[in-house]
Structures are given as C-alpha cells and as structure tokens.
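Student: I'd like to go over a predicted model; first the sequence, then the structure.
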Amino acid sequence: MKTIKIKDFVEEAKKRFGEDNKKWKFKCPKCGTTQSAEDFAKLDCFKDKKEEIDKYLGFSCIGRFDDKIGCDWTLGGLFQIHDIEIEDKNGKMHKHFELADN
C-alpha cells in the first residue's frame, strides 16, 4: 500500500489536470473507469445534490450511479484492492482511488 500526504496528492493532481479540482480524474481500481467531479455532476441523481459528489468521488465508482458502466465498487466494502491511502493534515489515513494518467 502506497501512502501519500494530502499536500503531495493535491500538487500532483494540479500538475496533471490543472487548478480546477472538478476536472481532476480518478481511476476505479476494479473496472478502470476514469471519473471526475464533472462526470458525477452530469448524472441525474446529482443534479440537485452537487454538494454530495465529494462524498463519493475517489471512493466509489461512478458506475454505482450510472448503470451503463456496470461497476458498483466502493472502498467502503469488505475487499480492499486499492493501491493508495492519503494522509490528511492530522495524520489520519483515507482510502482513495489513484489519480488517472490523463
């Protein structure tokens, strides 16, 4: 398991995708689907709940909300196949999807 400090994670995300965190892309460890906050915001179930996107982004596959993708993976389940955890400013570890390559 790779651990990364939140500061370094944010720095790398900005380098890959720019300053706008809605454009940062993450990769589901199960199906490989690339997803961003913008992708979640396009789904009907989040049209009136955009503030809830952060609860799921990088933790649950967008496929849980989009039947066309067919993946229902979440890092909150019994099986753990993720490769990174992010250490917050207080030293607490958080399971997270990896940043996508592009």
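Tutor: Received the coordinates, thanks.

Student: before we move on, what SS does residue 26 have?
Tutor: strand (DSSP: H, G, I helix; E, B strand; the rest coil).

Student: Report how many residues lie close to it.
Tutor: The local packing of residue 26 (other Cβ atoms under 10 Å) involves 22 other residues. The C-beta positions use only the backbone N, C-alpha and C, and glycine is treated the same way.

Student: is it in a bridge, and if so with what?
Tutor: When assigned by DSSP bridges, residue 26 has beta-bridge partners residue 35, residue 99.

Student: Go ahead and flag the most central residue of this structure.
Tutor: residue 58 (1.3 Å; Cα atoms, centre = their mean).

Student: So it is in contact with residue 26, correct?
Tutor: Yes: shown here, residue 58 and residue 26 form a contact pair, counting by Cβ atoms under 8 Å, at 4.6 Å.

Student: Show me whatever sits in contact with both of the two.
Tutor: Taking Cβ atoms under 8 Å, 6 or more residues apart in numbering as the contact rule, residue 58 and residue 26 both touch 96, 97.

Student: Please, which helix or strand holds residue 3?
Tutor: strand 2-5 (DSSP states H and E).

Student: Mean confidence (pLDDT) on that strand, please.
Tutor: Averaging pLDDT along strand 2-5 gives 96.

Student: and what of stretch 35-54?
Tutor: The model assigns stretch 35-54 a mean pLDDT of 94.

Student: Now do the following helix or strand past the strand holding residue 3: which elements does it pack against?
Tutor: Following strand 2-5 in sequence order, the next helix or strand is helix 6-17 (DSSP H and E). Packing contacts for helix 6-17, counted by 3 or more Cβ pairs under 8 Å, 6 or more residues apart in numbering; DSSP states H and E, involve strand 84-87, strand 98-99.
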